[in-house]
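Colleague: Structure for this input, please:
(2 chains)
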Amino acid sequence: MALGFWSLGALAVLAALGIVLTQNLLHAVLFLILSFIAVAGLFLTLSADFVAVAQVLIYAGAVGVLIVFAIMLTPSGERRNADTAFFGPGFILGGLITTVMGFVAFTTPWETVQRGGFETTVAAIGESLTNRWALPFEIASVLLIVAMIGAIVLVRAADPEDLPSADQPVPDISDDARPAGREVVAAGRGEHT
Amino acid sequence: MSVGLEHYLGLSAILFGIGLWIALAKRNAIIVLMGIEIMLSSVNLMMLAFSRFVPGPRPLTGHIFAIFILTVAAAEASVALALAVTVYRNRGTVDIDKVNLMRS
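Modeller: Modelled structure (predicted):
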């Protein structure tokens, strides 16, 4: 457990630092996924098997792919990983918060118990989600549907003439992604009709 | 040296600080979102560490909390990325220094 903790912890921290230090946006996404997978390994050392698998599926899989899609939909000229004026102050603030939280973590006399890990958590989590935490579970499903509908409403074509109709050919995907190319496509459409 | 609760809490603090640094220091809105995801992930680590090491009547409550954080983080990521794409369509950039419509 100790070897796993130190190696996975170092991997998670170094990958997170790589996001700050790399100059390429796509490399930053890969570092993010690496950090998520290292954190999932740390969850395994805490004998949280279900949450570790969910972390790999949701964070490293779904969120990583979603971020790659968002980067592909935004301009290639912005793929460098530029810094704001808060690069130095942000480092100081993050360092201060880390110092305070680390100080509290290492000086508080925690009342811990040595119980040697859980056996398997999936059955117990499933029971809790349907008994004691059933209401938050249902609310989470409503939240997910609201988020899905909201995301669809946000990114769908705003004006009706962008929507594909029966007498027009389906516009290519880059129509939505490039506002600069929209006039060209619209002009071409005018020639056809 | 055996690994205890305080080591996990310290690692979680380090990850939270790095996530905050990313969210503050980066100019691209998508990278800012990645910093927020790192912070949420570090909070999950802290929840699971407490759930593992601290005695209580329901030791798995931390796991339930971590699962709900995962759910909310996924919903937040989808909406935030849709917002980033919308901002790019309207403004032609996702640079948060240039999205200053409310500054007169």
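Colleague: which one is the spatially most central residue of chain A nearest to, not counting chain neighbours?
Modeller: Chain A has A:V63 as the residue nearest its centroid, 3.9 Å off, counting by Cα atoms, centre = their mean. Using Cβ to Cβ, 6 or more residues apart in numbering or on different chains and skipping residues adjacent in sequence, the residue nearest A:V63 is B:A77, 4.9 Å away. The way it works is simple: take the backbone N, C-alpha and C, and place the C-beta from them, glycine included.
Colleague: For the closest residue to A:A15 other than its chain neighbours, grab the count of nearby residues.
Modeller: In this structure, A:A15 finds its nearest non-sequential neighbour in A:S35, 3.8 Å apart by Cβ to Cβ, 6+ apart. If you count neighbours by other Cβ atoms under 10 Å in any protein chain shown, A:S35 ends up with 29.
Colleague: Now A:S35: which helix or strand?
Modeller: Using DSSP states H and E, the element containing A:S35 is helix A:25-45.
Colleague: other SSEs contacting that helix?
Modeller: helix A:2-21, helix A:49-54, helix A:64-73, helix B:5-25, helix B:29-53 (3 or more Cβ pairs under 8 Å, 6 or more residues apart in numbering or on different chains; DSSP states H and E).
Colleague: worst average pLDDT in the ones you listed?
Modeller: Note on these: lowest mean pLDDT is at helix A:64-73, with a mean of 87.
Colleague: how far does that one sit from the chain's center?
Modeller: 10 Å (Cα atoms, centre = their mean, to the nearest Å).
Colleague: isn't there a helix covering B:P59?
Modeller: No: counting by DSSP: H, G, I helix; E, B strand; the rest coil, B:P59 is not found in a helix; it is coil.
Colleague: Ignoring the adjacent residues along the chain, who's closest to it?
Modeller: The nearest residue in space to B:P59 (Cβ to Cβ, 6+ apart) is B:S51, at 6.0 Å.
Colleague: Which element, helix or strand, includes A:I145?
Modeller: Counting by DSSP H and E, A:I145 is part of helix A:134-155.
Colleague: and if you look at B:N90?
Modeller: Applying DSSP H and E, one finds B:N90 within helix B:61-91.
Colleague: so what does that helix touch, helix or strand wise?
Modeller: Helix B:61-91 packs on helix A:49-54, helix A:64-73, helix A:122-130, helix A:134-155, helix B:29-53, going by 3+ Cβ pairs under 8 Å, 6+ apart.
Colleague: Fine by me, thanks again.
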